[in-house]
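S.K.: compute the structure for the input listed below.
(one chain, ligands or ions: 1)
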Amino acid sequence: MEKFEKIKNRFEKEIKNSSLKYKIIDENSLKDFLNIIEHLINNPQSNIMLLHDKDADGITSGNIFYYMLKQLGLERIKHLHLKGISYSNEREITKKLINTDVIFSLDLPFSNIEQLDGILSNQRLKKIVIIDHHPTDNLKHPNVILLKSNTVFACDNPARYCTAKLAYDLANLIMDVSEKDWYAIIGIIGDVAYPMWGDFIFNIFKKYNIELSENNNKCLYDSKFGLATELVSCGNAFYPDRVKDIFNALKNSNNLDEFEKKLPFCREVLDEINNCVKNFFNNSVAYDDNIFFYELKSSYHILSQISTIMSINNMDKTIIVVKHVNNNTTFSVRRSDYTINVGSAVNFAASKIKSASGGGHIPAAGAKCDKKDYETFLDLIIHEINSNKYKLSEMDRNKLNENNIKI
Ligand SMILES: [Mn+2]
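M.R.: Numbering: from 1, shown residues only. Predicted coordinates:
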């Protein structure tokens, strides 16, 4: 009982004079969260399931809650990663939840109440705590404690209040979890949420003696935190069956160096990416000095990783990477300075070739076609990009600033 009193005092103090970035607009759900914690402390034999997404944000937010629950003295904690809940896997998931008392769901976008009813049908306590930042419809349900970035807080850009930071802030209401602040940074970088958290990131970099210069995203990625994030991303892109290993590696690491050493299989992919990036300009064909075409020979399907890195490092160039697999060719196209809408250009080019499909956003596009058509398709893409049709205005360009970290 005494233990809970201490937690309750901290919780109430934190809520009143908190250093939280956003105003609390749903204190009731936070109190429901506290009640669940009280229930678990009073019933330490409870079976807890952490459901989490497989990406860096999901793995780190899951681990923040794992750490918090362990610190509370709870032992019976399982974790399970999901990419999402669909009717095809709902029954299977429900089976794994038999005998679970409380579910914490992190970074998973439940889309409707029916899904939750299925998930909850086997629960003893029938409570699910949803910690998330995806835009979803109203999930009001008597068994659901909904803790979303924009339902609990007056946050107008929930995409940037990623689950790792949200889970970190929520756990901090219960206890001091600053020992695991570096988990939150990995999630923040993974979800490209850093433009919103400059001060937080800056202070943690300082705490771990890692340098961070102003208005420079590159040094975020070049840091140990960036490396850890990239390893996690490589792991879940190329070894989807080993997400549990990555979760456990993080759980069993006391710091970034230990974590990194536990991920040799991710390292292998990342080394391959870095190698391709290093030799990119030697192995690519330049069109008019501003469009670079690169044929990926690696056995790993690392097109988008290479095009993204090359584009971030060469904002005023258009990067096209292709890879042939059997009779098909896949394209990844990037242009990061918002001067050209490559998504529309690729989409238009694809409409002119029967075997092709493709499109995307202003800075990033993907496409595919039959291998026999790929040279024609490539010529068309380059032709469209070079035309004036897809040029963007200064105003569009200013959107780019929203992607930079500010301290
Ligand atoms: Mn996320």
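
S.K.: quick one: the closest residue to the ion within the stretch 1-150 of the chain from residue 39, how far?
M.R.: Residue of the stretch 1-150 of the chain nearest the ion, by Cβ to the ion: residue 57 (3.4 Å). (C-beta placed from N, C-alpha, C; glycine too.) Residue 57 is 27 Å from residue 39, where distance means Cβ to Cβ, to the nearest Å.

S.K.: cool, and residue 330?
M.R.: Distance from residue 330 to residue 39, by Cβ to Cβ: 50 Å.

S.K.: ok, how many other residues are close to the residue nearest to residue 103 when sequence neighbours are not counted?
M.R.: Sequence neighbours aside, residue 128 is the residue nearest to residue 103 in space, at 4.3 Å (criterion: Cβ to Cβ, 6 or more residues apart in numbering). With neighbours defined by other Cβ atoms under 10 Å, the count for residue 128 comes to 25.

S.K.: same for the helix or strand where residue 128 lies, what does it pack against?
M.R.: Using DSSP states H and E, residue 128 sits within strand 127-132. Here strand 127-132 touches helix 27-42, strand 102-106, helix 113-120, strand 144-148, helix 163-174, going by 3 or more Cβ pairs under 8 Å, 6 or more residues apart in numbering; DSSP states H and E.

S.K.: want to throw the ones you listed into TSV with distance to residue 362 and mean neighbour count?
M.R.: Putting those into TSV (distance: least, Cβ to Cβ, whole Å; neighbours: other Cβ atoms under 10 Å) gives the following:
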stretch	distance to residue 362	mean neighbour count
helix 27-42	36	16
strand 102-106	30	27
helix 113-120	33	17
strand 144-148	27	22
helix 163-174	26	26
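
S.K.: let's have the ones you listed in CSV, adding distance to the ion.
M.R.: Formatted as CSV, the helices and strands packed on strand 127-132 follow (distance: least, Cβ to the ion, whole Å):
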stretch, distance to the ion
helix 27-42, 19
strand 102-106, 9
helix 113-120, 18
strand 144-148, 11
helix 163-174, 5
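
S.K.: weakest of the ones you listed by average pLDDT?
M.R.: With a mean of 72, helix 113-120 has the lowest mean pLDDT of the helices and strands packed on strand 127-132.

S.K.: quick one: it to chain centroid distance?
M.R.: Centre-to-centre, helix 113-120 and its host chain are 24 Å apart (Cα atoms, centre = their mean, to the nearest Å).

S.K.: contact partners of that helix?
M.R.: Here helix 113-120 makes contact (Cβ atoms under 8 Å, 6 or more residues apart in numbering) with 85, 90-91, 93-94, 97, 103, 110, 126, 128, 139, 141, 143-144.

S.K.: now do that helix against strand 127-132, angle only.
M.R.: Angle, helix 113-120 to strand 127-132, by axes from the mean of the first three to the mean of the last three Cα atoms, to 10 degrees: 130 degrees.

S.K.: heads up, I number from 293, so please use that
M.R.: I'll keep to 293 as the first residue from here, and by that count the last item is helix 405-412.

S.K.: report how many residues lie close to the nearest residue to residue 413 once chain neighbours are set aside.
M.R.: Counting by Cβ to Cβ, 6+ apart, residue 386 is the residue found nearest to residue 413 once chain neighbours are left out, at 6.4 Å. When counting by other Cβ under 10 Å, one arrives at 17 neighbours for residue 386.

S.K.: ok, back up a step: tilt between the helix or strand hosting the residue of the stretch 293-442 of the chain closest to the ion and strand 394-398?
M.R.: In this structure, residue 349 sits in helix 348-363 according to DSSP H and E. Using the same axes, to 10 degrees, the direction of helix 348-363 lies 150 degrees away from that of strand 394-398.

S.K.: just checking, what packs against the next helix or strand after helix 348-363?
M.R.: The helix or strand immediately downstream of helix 348-363 is strand 369-373, counting by DSSP H and E. Judged by 3+ Cβ pairs under 8 Å, 6+ apart, strand 369-373 is in contact with strand 340-344, helix 348-363, helix 535-543.

S.K.: among those, which is the most enclosed?
M.R.: Comparing the helices and strands packed on strand 369-373 by mean neighbour count (mean count of other Cβ atoms under 10 Å), helix 348-363 ranks first with a mean of 26.

S.K.: who does that helix touch, helix- and strand-wise?
M.R.: Here helix 348-363 touches strand 340-344, strand 369-373, strand 394-398, helix 455-466, helix 473-482, helix 516-530, helix 535-543, going by 3+ Cβ pairs under 8 Å, 6+ apart.

S.K.: again, only this time at 6 Å
M.R.: Secondary-structure packing of helix 348-363 (3 or more Cβ pairs under 6 Å, 6 or more residues apart in numbering; DSSP states H and E): strand 340-344, strand 394-398, helix 455-466, helix 473-482, helix 535-543.

S.K.: got a markdown table for the ones you listed, with distance to residue 500 too?
M.R.: A markdown table is the format used below for the helices and strands packed on helix 348-363 (distance: least, Cβ to Cβ, whole Å):
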| stretch | distance to residue 500 |
| --- | --- |
| strand 340-344 | 25 |
| strand 394-398 | 24 |
| helix 455-466 | 16 |
| helix 473-482 | 7 |
| helix 535-543 | 16 |
